[in-house]
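Engineer: predicted model and sequence below, questions to follow.
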Amino acid sequence: MVNAQPQTTTTTQHNQDVILRVTNLKKHFPITSGVIVQRQVGAVRAVDDVSFNVYRGETLGLVGESGCGKSTTGRTILQLYRPTSGFVEFEGKELSSMKGEELRQMRRRMQIIFQDPYASLNPRMTVGNIVSEPLRIHKLRQGSELREYVEHLLERVGLNPFYINRYPHEFSGGQRQRIGIARALALEPSFIVADEPISALDVSIQAQVVNLLEDLQSELGLTYLFIAHDLSMVRHICDRVAVMYLGKIVELANTDELYDNPLHPYTQSLLSAVPVPDPEIEERRQRIILKGDLPSPASPPPGCNFNTRCPVSFELCYHPPDPELVEVKPGHWVACHRVTETGL
Amino acid sequence: MRMIVKQTFEVLRQLSARPLSLIGMLIVLLFLLIALLGPTLAPYPYDEFARDADGMVQRRVPPSLAFLFGTDQFGRDVFSRVLWGAREIIVIPGIATTIAVILGTSLGLLIGYFGGWIDELISRGFDSLLAIPALVLALVVLTTIGSSGISVILVIVILYTPIVTRVIRSATLSLRTVGYVEAAKLRGESTAFILFREILPGVLPALVVEAALRFSYAIFLTASLGFLGLGVQPPSPDWGYMVNEARETFSRTPWALWFPAGAIALLVIGVNLLADGLRRIFRYEGSLI
């Protein structure tokens, strides 16, 4: 899986300005045993050879079931986890070899919005402190200018600037998520990893937060990596979608193409689980129900990772090499022997 | 800062609302006052032998108006000695606990946050230290460096730093991957800032309870070492040593044992009630913040 660089994508509606280039990214968490002198006895392959590009101004969705490595991918890109191998190139600069001050300066340009609005805000800091802390550390604004800017940020995310001296516990989940967004925006980043930003919110609040994210994107020209498992929300907000399974990307395409014409059997089963609001179509919806559970990422099966649950697997799928992510149609990438061997 | 003041008041208010915690708080307050003012309030110096009008030493006088707690076998006023002794039994464990808590908190934050082999090394080292019975360890240290107030402090620090470290380490473990800590990393905060501004406030409840508990154990340990004659040396009015002296003549001067022993018990119970009250308050984090 060496040439899996979807950089030759031609049909994307965006210009070819690549803001983030992820190449053969791996993040393995070692499993150790022994006291003090530790031996590594294995590794959880949370992210196992992932490559993709993100274009400036787009929203790339990253979907997959729990434990497939989507959050780890996001955190490794941000260098919250250092990659085991592979490269993350952001705005033309290679991040995985960066350290200290250099990395700190780059981090201003990339921020994260967390899933859990309760754990992501320090309960012992005021909203003003939470939002202004990034500016203080980077010495960007001071005094009354800082306060004005923070109030402006709060207003921008739809909060009353009057709340600046309140503590997080005085807010609802949706309001807390807005505070988290204001904090992420404080350093004026160009790229934001949204790590399931709406999963923990009430359905009625989800739409508000998604609309806010979309407004901010068009206004500030932000690029999002939108990690989620709500497929209908992903269809709504994302320009392109990457599907992950057990640490690998199995399919990557423009949103409409992926939803209308999913090629990978895993994507097909995922999409078949999305309810349709039209009762007549819903009635006829055929669900593809997968057998078995997700294998442990510490010992993925030989060959294709999906072969233990795949309804259309054949001989080739059970032996190495793993299927490579190949462009079967312009802009539509899929990693499946069945698709590449037998055609579409 | 405003938050800390507000929280302290809130803690005090909640403590006062529970009768047992209130009693504990009052007892501790009483002993603090005695420690502060004891020598001024005491009717006699701690090492003076009381004499009557004829100049006879008044040994073994039962409690009376002249001698509230009676006199011991040497004729010293037990009430005065208890008052004088309060300072040491509070100051020594107080200093020792403070040092142990500061050291233990710093270490616990560091090894909990960074993990890895340094964590393994320190944790396992402390585990083996804690496997040795406290008193045995205390005896070894005190016979090596000699008995004094400083030595007792050192013993307590050696014994309690590992325990505080363990508590803070486990509290830190649960916070190091929490969203706001990752957000701090992502905006480029220094490790010191993350440890002390982001994580420390989160482990503060565990820290306060642990500190109160350690203080009560430290009082007990100080008294035990005094009883064994390994603490502060006579004629200093050490409550533990007073109990030991009175033990030998218990049948004739039981009051000389009752009062210092009672003082130790009351102080330890008071601190424990207070610690228990704090634990109850902090168990429901949400009620505070």
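Structural biologist: Right, received. Where do you want to start?

Engineer: return the residues of the stretch 101-250 of chain A in contact with chain B.
Structural biologist: Contacts of the stretch 101-250 of chain A with chain B, taken as CB under 8 Å from any CB of the partner chain, map to A:103-105, A:107-108, A:110-112, A:114-116, A:119-124, A:126, A:130, A:133-134, A:137-138, A:167, A:169, A:180, A:183, A:187. Glycine gets a C-beta too; all of them are placed from N, C-alpha and C.

Engineer: please narrow those to those residing in helices.
Structural biologist: Taking DSSP state H as the definition of helices, those contribute A:Leu103, A:Arg104, A:Gln105, A:Arg107, A:Ile130, A:Glu133, A:Pro134, A:Ile137, A:Gly180, A:Arg183.

Engineer: what segments of chain B are helices?
Structural biologist: Going by DSSP H, chain B shows helices at B:2-17, B:19-41, B:78-114, B:116-131, B:134-145, B:149-173, B:179-186, B:191-193, B:200-227, B:239-248, B:254-283, B:285-288.

Engineer: now the fourth one: buried residues?
Structural biologist: It refers to helix B:116-131. Neighbour-count burial for helix B:116-131, counted by 16 or more other CB atoms under 10 Å in any protein chain shown, picks out B:Asp119, B:Glu120, B:Ile122, B:Ser123, B:Phe126.

Engineer: out of these, who's near chain A?
Structural biologist: Among the buried residues of helix B:116-131, the residues within reach of chain A (CB under 8 Å from any CB) are B:Glu120.

Engineer: give the residue spans of the stretch 151-300 of chain A that score low on pLDDT.
Structural biologist: Under the criterion of pLDDT under 70, none of the stretch 151-300 of chain A is flagged as low confidence.

Engineer: pick out the residue in it sitting closest to chain B.
Structural biologist: A:His169 (5.5 Å; CB to the nearest CB).

Engineer: out of the helices and strands in chain B, which is least certain?
Structural biologist: helix B:285-288 (a mean of 42; mean pLDDT, DSSP states H and E).

Engineer: show me what the helix or strand hosting A:Leu270 is in contact with.
Structural biologist: Secondary structure from DSSP states H and E places A:Leu270 in helix A:265-272. For helix A:265-272, contacts defined as CB atoms under 8 Å, 6 or more residues apart in numbering or on different chains pick out A:63, A:231, A:243, A:245, A:250-251, A:258-259, A:262, A:285-290, A:306, A:309-312, A:336, A:338.

Engineer: can you check stretch A:73-93 too?
Structural biologist: Stretch A:73-93 is contacted by residues A:19-28, A:47, A:49-51, A:62, A:72, A:94-96, A:98, A:103, A:106-107, A:109-110, A:112, A:190-191, A:193, A:195, A:225, A:227, A:244, B:182, B:185-186 when judged by CB under 8 Å, 6+ apart.

Engineer: tell me the contacts of the spatially closest residue to B:Leu173 that is not a sequence neighbour?
Structural biologist: Spatially, and ignoring its direct neighbours in sequence, B:Leu173 is nearest to B:Gly112 (5.0 Å; CB to CB, 6 or more residues apart in numbering or on different chains). Residues near B:Gly112 by CB under 8 Å, 6+ apart: B:Asp119, B:Ile168, B:Arg169, B:Ser170, B:Ala171, B:Thr172, B:Leu173, B:Arg176.

Engineer: need the buried ones from these selected in PyMOL.
Structural biologist: A single PyMOL command selects the buried members of these (16+ other CB under 10 Å):
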select buried, chain B and resi 119+168+169+171+172+176
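
Engineer: nearest to chain A, of the contacts of B:Gly112?
Structural biologist: Proximity of the contacts of B:Gly112 to chain A, judged by CB to the nearest CB, is greatest for B:Asp119, which lies at 9.9 Å.

Engineer: my guess is the closest one contacts B:Leu109, does it?
Structural biologist: No: if you go by CB atoms under 8 Å, B:Asp119 and B:Leu109 don't touch, sitting 11.4 Å apart.

Engineer: report the set of residues contacting both of these two.
Structural biologist: Here B:Asp119 and B:Leu109 have B:Arg169 as joint contacts, going by CB under 8 Å, 6+ apart.

Engineer: and A:His152, how many neighbours?
Structural biologist: Residues lying near A:His152 (other CB atoms under 10 Å in any protein chain shown) number 11.

Engineer: let me fix that, I meant to ask about B:Ile34.
Structural biologist: 21.

Engineer: from the contacts of helix A:265-272, which land in helices?
Structural biologist: Cross-referencing those against helices under DSSP H gives A:Leu231, A:Leu258, A:Tyr259, A:Arg338.

Engineer: ok, the last one touching A:Pro311?
Structural biologist: In other words, A:Arg338. No: the criterion here is CB under 8 Å, and A:Arg338 misses it with A:Pro311 at 9.9 Å.

Engineer: of those two, who's got more company?
Structural biologist: Taking other CB under 10 Å, A:Arg338 and A:Pro311 do not tie; A:Arg338 has more neighbours (20 against 14).

Engineer: how about that one: what's its closest non-neighbour residue?
Structural biologist: What sits nearest to A:Arg338 in space, not counting adjacent residues and going by CB to CB, 6+ apart, is A:Val312, at 5.2 Å.
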